[in-house]
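Colleague: The sequence isn't on hand, but the structure is:
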């Protein structure tokens, strides 16, 4: 049984427009992902595709103007708001994208120690700082005294010492030097090998492929494909969805072929398949309704033409 299941998740935001009129904008629709113990699932996609919103929905930290439907299960049980609050930072840990999550009024060493649940908190904090190449004097600093890379390593430290069963890492490596990036990625692999489940949200597909077991591809607020990492090779012939193939071929280390058009804004989503206006395989049937996720060749895909 997966430790974390997200089924048909939809998220919309109620916003005010001119004349104090309200408008409901759907930013995520029918999104599905599952996460197994001992597995790293990398979530990739363009900015605005819903990657960070998924993380916030799992943790129950969406803003008050958000409306959510669908189900999120942890260990087979549907998560309630109170359960999300009790698990947050304990059994489910977030490494956030923004370093603003650090408390500006608290020394960073103390912040990391608050995440330690067993053993000597000071020893655990100092050991993880040494592991991530943070000098001991850093523990006495406040967040404003840290460089961007140091702040990210501090956030990473809180997850490492937490002994969480699920770690959601939202773009954890930008601003880090190559040595620390390699160390951070190896930490995630170590977590998974020890039974933890890791969701790695990233733009860096190449780095994700070095440690992940599966890749979930997001587009315009939904999952279009979930594939084993082995499928991301060659010219993408092993992939299932046209967007996944185009995204793979657009990388500089591959054919560097741009994808015509752009991802639609949540307020102007097309009917039917969200990728259809940019897809070379699109037919009239694609505009009738959004395809359901289906199993195909040891993966999942949302496309009626995928074979």
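Modeller: Structure's in. What do you need? Because the structure is predicted, anything quoted here is derived from the model rather than measured.

Colleague: Next, work out how far apart the residue nearest to the spatial centre of the chain and residue 96 are.
Modeller: In the chain, the centroid-proximal residue (C-alpha atoms, centre = their mean) is residue 201; its distance is 3.0 Å. Counting by C-beta to C-beta, to the nearest Å, the gap from residue 201 to residue 96 is 10 Å. In short, each C-beta sits where N, CA and C put it, glycine included.

Colleague: Now the common contact residues for the two.
Modeller: residue 170 (C-beta atoms under 8 Å, 6 or more residues apart in numbering).

Colleague: what ranges of the stretch 51-200 of the chain fall below the confidence cut-off?
Modeller: In the predicted model of the stretch 51-200 of the chain, no residue satisfies pLDDT under 70.

Colleague: Show the residue spans covered by the strands in it.
Modeller: 66-74, 77-78, 92-95, 166-170, 197-201 (DSSP state E, counting those that start in this stretch).

Colleague: Need the residues that contact the following helix or strand past the last one.
Modeller: Pointing back at strand 197-201 there. Downstream of strand 197-201, the first helix or strand assigned by DSSP states H and E is helix 205-209. With C-beta under 8 Å, 6+ apart as the test, helix 205-209 has contacts from 42, 44, 173, 181, 185, 200, 202, 215, 229, 232, 247-248, 251, 253.

Colleague: please redo it, this time with the cut-off set to 6 Å
Modeller: Residues outside helix 205-209 that contact it (C-beta atoms under 6 Å, 6 or more residues apart in numbering): 42, 44, 200, 202, 229, 232.

Colleague: Report the angle between the next helix-or-strand element following it and strand 197-201.
Modeller: Note on helix 205-209: by DSSP H and E, the next helix or strand toward the C-terminus is strand 214-219. Here the directions of strand 214-219 and strand 197-201 differ by 40 degrees (axes from the mean of the first three to the mean of the last three C-alpha atoms, to 10 degrees).

Colleague: and strand 214-219, what does it pack onto?
Modeller: strand 40-44, strand 222-228 (3 or more C-beta pairs under 6 Å, 6 or more residues apart in numbering; DSSP states H and E).

Colleague: Now do the helices in the protein.
Modeller: Along the chain, counting by DSSP state H, helices occupy 51-59, 81-87, 108-113, 121-131, 148-162, 178-193, 205-209, 242-249.

Colleague: In TSV, list those along with distance to residue 2 and mean neighbour count.
Modeller: Output for the helices of the chain, formatted as TSV (distance: least, C-beta to C-beta, whole Å; neighbours: other C-beta atoms under 10 Å):
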stretch	distance to residue 2	mean neighbour count
helix 51-59	13	22
helix 81-87	15	14
helix 108-113	29	22
helix 121-131	28	17
helix 148-162	20	23
helix 178-193	14	17
helix 205-209	20	17
helix 242-249	22	23
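
Colleague: who wins for proximity to residue 270 among the ones you listed?
Modeller: Counting by C-beta to C-beta, residue 270 lies closest to helix 242-249 out of the helices of the chain; the figure is 13.4 Å.

Colleague: neighbours of the residue lying closest to residue 215 once chain neighbours are set aside, just the number please.
Modeller: Setting aside the residues directly before and after it, residue 215 is nearest to residue 42 in space (C-beta to C-beta, 6 or more residues apart in numbering), at 5.0 Å. Neighbour count of residue 42, defined by other C-beta atoms under 10 Å: 25.

Colleague: coming back round to it: list the contacts for the residue nearest to the centre of the chain?
Modeller: Here residue 201 is in contact with 43, 51, 170 (C-beta under 6 Å, 6+ apart).

Colleague: re earlier: how about the contacts of helix 205-209 in CSV, adding distance to residue 77?
Modeller: Shown next, in CSV, are these (distance: C-beta to C-beta, whole Å):
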residue, distance to residue 77
42, 26
44, 28
200, 24
202, 28
229, 29
232, 33
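
Colleague: For the residues you listed, which two are the farthest from each other?
Modeller: Farthest apart among the contacts of helix 205-209 - using C-beta to C-beta - are 200 and 232, which lie 14.2 Å from each other.
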